[in-house]
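> Below is the structure, and that's it, no one-letter string:
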């Protein structure tokens, strides 16, 4: 009888037929706590008829010498097989530990592969487990080699079982370790190479010197090992006489092991990663997540599961409280039949209905206002029912946003006819799904049709196998989870290297907010190079953000590939990477330089963070020269003009060539260009007009915004701010009109004339909304806080939590500007002549 308890010899489902799993298809078993017999003992014994059958333990002690001798021989065979698999297991742990030392050594250098925290998470408790098993192996090996009836080894198994607490710690950390390793692989090419091929030593007497195994497969081994040890204890007890000194020790070890297994089964069960097909093949879950599907003209939230050979789209069934939740399969496509249609092939696909930006912005404001209310209720020890009601409302609003904001099409086509369309908010995410599918398609895949029973089994397994449990909205977050950063992230994209051949290259930056990622900035295209030097700075608004992503593209100028659907991105992704925005590291006044590695490409960038209230601080200017940070009355008097020259020139340039620019005033200009324009205007340089005509239009728009933001007091003045807040809150239209017009008349002349000049310009921009996508509401959102936000001395009473960025104040500031934008034309002379119904002081 050949007893081999090798880590790869048992079927993950506990089936009787032993089989070797294909390389890399590690499974997470539901651990059987009480196997009555070793599967191999029972099956091989019965099939080959060699007389080895599991013998009841109560018969062992009473039989003659022949039975005792047979029991002794059986125990040696069981132990020999286990010892051989223990050697393999120790080699696997050694292979896992091998890269840990060099990784730790680089962690303290200027170019770490991983941080010490990441190393600690991925390799958590592996060293301890290795030492426990090495000691066990070294103690057991000589006993098996000098085997006779007097040898005892129960104490060794008892000691091994008593150290299972280390395994408990490992299991608790297992999911985080896997996720961390996966994220690090995506963001660091060096680590990806290390984790894809770890060399495991072969057994002493084996012909194979080494085998290559993935880190993911090796991290799974300790979980598998406990089950193997428990099976061995069962087999040893079967062949140990009840009066043998080992018997009570082995019983104790088995009791400890079974208790341990039942305690961790609840933890492990949802993390199974594979399901066995009726043909006995292992179908692994590779990736899953929530995606928005455009189905029959409406948006539906789906949970999509990518298995080794099939993509399955499901939705959670509505079930009664307390009932087991289940998925309902909407459709599936075998990977052998799955193709990604090219843009020209996808023309027959349904067009994407894009929700207007102002509706999305409105919803963000509502969500943030509810967040503020929740915080206030908590601070005032409010009723839990009121908080729950607010949270429910917040979830509904966030769910709407999650469903309606994605607009990047991700099309999937089944060779046999049907096409499906998902909408994503991030090209990074679309690329991840596409790459995961294409990687699996490199294998030899067969087309198939699932029977209704097979489909039922597969869909049924989804609930246990899924790795993403909650819809990604902030209301699903625990209270102690980081709320993310609110404010402005300044990013300079310096350069990139590592390209094999020259290309036209650019980068985009994505950050997460409200539970999903959006693209926030884009560098210029650097033509025909292997080492682009962008050196462009961007200011990115963060709304509860925790991560920054950088994507590097090769620009496509091929007219045949450009799609009518303007959200279709046809440029080729050369690499992508992601970093966590650590509040401690980012919130310093100094620039923090970093490198993201992606597919062998290194992108260098620097960043610093400014909290929202810091970024909108107005500080009185010490200087009386220049225009930035100087009172508007001083500038107009000096220039002998009614509207500052900078305002007139920027507006003129935007109307000349930027009025049809998509996202004008919303998309950030390059910060270095804005600073250059600021310096030129401050110095009143004669080359201003030449420079303006050459400059990117978004930089000119950014300069105008910066001018208003840096005024020592807002354009609509600190004195009138409380009155504007009260006026916009009036319900009666006539009273509101009366009050809002009177407030304009109360402004100093330079402020009023400049405001009316800007107002007419913004209305002209909004007339081009079908082309530039900038509605009056969008423009009010951009300019409202800039024109109204009080200066530092005035705003102390208005500041609340950093996360309340869309507080009632900001919403009201937007509403004030929107009121004037939607109002029929207002003329300076009419205003001054018409005293309306009253003229008391504000």
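That came through, no problem. Nothing here was measured: the structure is a model prediction, and the numbers come from that model.
> and the longest helix seen in the chain, what does it pack onto?
Here the longest helix in the chain is taken by residue count, with DSSP state H as the criterion, and it is helix 65-97. Using 3 or more CB pairs under 8 Å, 6 or more residues apart in numbering; DSSP states H and E, the elements in contact with helix 65-97 are helix 126-145, strand 198-201, helix 215-238. Yep, even glycine has a C-beta here, placed from its N, CA and C like the rest.
> need those in TSV with distance to residue 791, can you?
Converted to TSV, the helices and strands packed on helix 65-97 look like this (distance: least, CB to CB, whole Å):
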stretch	distance to residue 791
helix 126-145	57
strand 198-201	59
helix 215-238	55
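> helix or strand for residue 810, which one?
Following DSSP states H and E, one finds residue 810 within helix 808-822.
> Run the chain-centre distance for the very next helix or strand once past that helix.
Later in the chain than helix 808-822, the nearest helix or strand by DSSP H and E is helix 828-833. A distance of 54 Å separates the centroid of the chain from that of helix 828-833, by CA atoms, centre = their mean, to the nearest Å.
> Buried residues in helix 828-833, which are they?
Going by neighbour count (16 or more other CB atoms under 10 Å), the buried part of helix 828-833 is 828, 831.
> Quick one: list the elements packing against it.
Using 3+ CB pairs under 8 Å, 6+ apart: helix 828-833 touches helix 733-745, helix 749-767.
> looking at these, which has the lowest confidence?
Here the lowest mean pLDDT among the helices and strands packed on helix 828-833 goes to helix 733-745, at a mean of 89.
> Run through the neighbouring helices and strands of it.
So helix 733-745, by 3+ CB pairs under 8 Å, 6+ apart, packs with helix 721-728, helix 749-767, helix 808-822, helix 828-833.
> deepest of those, which one?
Ranked by mean neighbour count, the helices and strands packed on helix 733-745 are led by helix 808-822 with a mean of 20 (mean count of other CB atoms under 10 Å).
> Check which helices and strands that helix sits against.
Short answer (3+ CB pairs under 8 Å, 6+ apart): helix 808-822 packs on helix 357-379, helix 721-728, helix 733-745, helix 749-767, helix 776-788.
> how about a cut-off of 7 Å?
helix 357-379, helix 721-728, helix 749-767, helix 776-788 (3 or more CB pairs under 7 Å, 6 or more residues apart in numbering; DSSP states H and E).
> Out of the ones you listed, the one nearest residue 403 is which?
Across the helices and strands packed on helix 808-822, residue 403 has its closest neighbour in helix 357-379 (10.6 Å, CB to CB).
> Compute the inter-axis angle for the helix or strand that the closest one is followed by and helix 357-379.
The helix or strand immediately downstream of helix 357-379 is helix 384-404, counting by DSSP H and E. Angle of helix 384-404 versus helix 357-379, following axes from the mean of the first three to the mean of the last three CA atoms, to 10 degrees, is 160 degrees.
> next one: helix 384-404 to chain centre, how far?
21 Å.
> any idea how far residue 328 is from residue 416?
22 Å (CB to CB, to the nearest Å).
> Verify the stated contact: residue 425 with residue 517.
Yes: counting by CB atoms under 7 Å, residue 517 is a contact partner of residue 425 at 5.9 Å.
> related to what we said a few turns ago, of the helices and strands packed on helix 65-97, give the one that comes closest to residue 189.
helix 215-238 (14.7 Å).
> helices or strands up against the closest one?
helix 65-97, helix 165-187, helix 246-268.
> can you tell me which residues contact the closest residue to residue 373 other than its chain neighbours?
Nearest in space to residue 373, with sequence neighbours left out and distances taken as CB to CB, 6 or more residues apart in numbering, is residue 390 at 5.5 Å. Residues in contact with residue 390 (CB atoms under 7 Å, 6 or more residues apart in numbering) are 370, 373-374, 377.
> let's go with 6 Å and repeat that
With contact set as CB atoms under 6 Å, 6 or more residues apart in numbering, residue 390 has these partners: 370, 373-374.
> Most neighbours among those, which one is it?
Highest neighbour count within the contacts of residue 390: residue 370, with 21 neighbours (other CB atoms under 10 Å).
> surely that one meets residue 394?
Yes: using CB atoms under 6 Å, residue 370 is in contact with residue 394, at 4.5 Å.
> Just give me the neighbour total for residue 213.
20.
> so it sits right up against residue 198, yeah?
Yes: counting by CB under 6 Å, residue 213 touches residue 198, with 5.5 Å between them.
> Give me the common contacts of the two.
Joint contacts of residue 213 and residue 198 (CB under 6 Å, 6+ apart) do not exist.
> Kindly provide the distance from residue 510 to residue 695.
26 Å.
> Quick one: the helices and strands packed on helix 733-745 as JSON lines, columns for distance to residue 646 too.
Shown next, in JSON lines, are the helices and strands packed on helix 733-745 (distance: least, CB to CB, whole Å):
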{"stretch": "helix 721-728", "distance to residue 646": "24"}
{"stretch": "helix 749-767", "distance to residue 646": "10"}
{"stretch": "helix 808-822", "distance to residue 646": "20"}
{"stretch": "helix 828-833", "distance to residue 646": "20"}
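> out of these, which comes closest to residue 170?
The nearest among the helices and strands packed on helix 733-745, by CB to CB, is helix 808-822 at 47.2 Å.
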